[in-house]
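J.: what follows is a predicted protein model with its sequence.
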Amino acid sequence: MDPLVVATFAVVALLEIIVPLALGYWIVKKFGVSWRVFVLGALSFIVVQIVHAPLVLVTQTPLYLAVLPFGTTAAVAVLAVYLGLLAGLFEEIGRYLVYRYIFRRQEIPLTRENGLQFGAGWGGVESMIVALLVLTSMLSYIAVTSDGSMLFLPDDPAIQAQVEALRALTALEILPGLAERMMTIVLHIAWSLMVLAAVVYGRKALLALAIIWHAAVDAAAVYLAQTQGILVTEAAVFVFAVIALAYLFGEWRRMGVRAAT
């Protein structure tokens, strides 16, 4: 067992929890936004996933097997597009419905500041859930790299391959996951502002654009992870995150001008 790998797992998980909370705290202090909006974003993500995640689990394998005769690459591409569209539809329509009905019912103003905090909560809770998965991976790593662990594992080639992959894990291979979480939070905030703009301006085309954008990011991530590896995947997500930042600054100014007039 490599202590550096264990320490990296722990630090990554800790940061994936602390950073979203720190961001929410900064928004509260900077703009006077309530933590209630952060919690609403987090709860909305969880509610959406209660429907979205089981649907993915039930349908992705049959779809992959159905298109596999056309070739592995084609099957991965179709699955990537399918999963991307599901994510875009569920999450962006979910945001739209919360803005349209829950915000107004709770008398939460449809301001850019509340949109920022809502996105931080939405992306933040996803980061925290991933942090729990990272901790689970850390425990698995400790278990399979401890002395005598192999005595209790079944003699299955697939399981043995997974164990060997864990044993060969290095600290540097864990860090891209942290970078991806931070970039994904930026994307969620951008999508949250875009859907908020769709509601405020009465332009459903912006909702459609958010769905397509979200689908494109997820589809690219799934396809590249399977065909090109983690570094190329993270590079693509980075490009999307830079675009998201540019959109955030632009939409932030537009909403500010609108609020001032």
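T.: Happy to help now that I have it.

J.: quick check: P20 touching A131?
T.: No - checked against Cβ atoms under 8 Å, the pair P20 and A131 is beyond contact range at 9.3 Å. Placement of C-beta: from N, CA and C, glycine included.

J.: anything in contact with each of these two?
T.: Here P20 and A131 have no joint contacts, going by Cβ atoms under 8 Å, 6 or more residues apart in numbering.

J.: secondary structure element for L63?
T.: Take DSSP states H and E as the rule and L63 turns out to sit in helix 35-67.

J.: which residues touch R105?
T.: R105 sits in contact with no residue, where contact means Cβ under 8 Å, 6+ apart.

J.: any idea how far V12 is from it?
T.: Using Cβ to Cβ, to the nearest Å, R105 is found at 38 Å from V12.

J.: number of residues surrounding V242?
T.: Residues contacting V242 under the criterion other Cβ atoms under 10 Å number 12.

J.: give me the element it is part of.
T.: helix 230-260.

J.: what separates that helix from the chain centre, distance-wise?
T.: Here the centre of helix 230-260 is set off from its chain's centre by 15 Å, with Cα atoms, centre = their mean, to the nearest Å.

J.: before we move on, back to that, P20 and A131 - which one has more neighbours?
T.: P20 (26 against 22).

J.: list the buried residues in the helix holding V242.
T.: Using 16 or more other Cβ atoms under 10 Å as the test for burial, helix 230-260 gives 233-234, 236-237, 240-241, 244, 247-248, 251, 255.

J.: and that helix, what other elements does it pack with?
T.: Secondary-structure packing of helix 230-260 (3 or more Cβ pairs under 8 Å, 6 or more residues apart in numbering; DSSP states H and E): helix 112-145, helix 175-201, helix 204-227.

J.: quick one: average confidence on the shortest one?
T.: With pLDDT averaged residue by residue, helix 204-227 scores 96.

J.: swap in stretch 168-184?
T.: Rounded mean pLDDT across stretch 168-184 is 90.

J.: many thanks, I have nothing further to ask.
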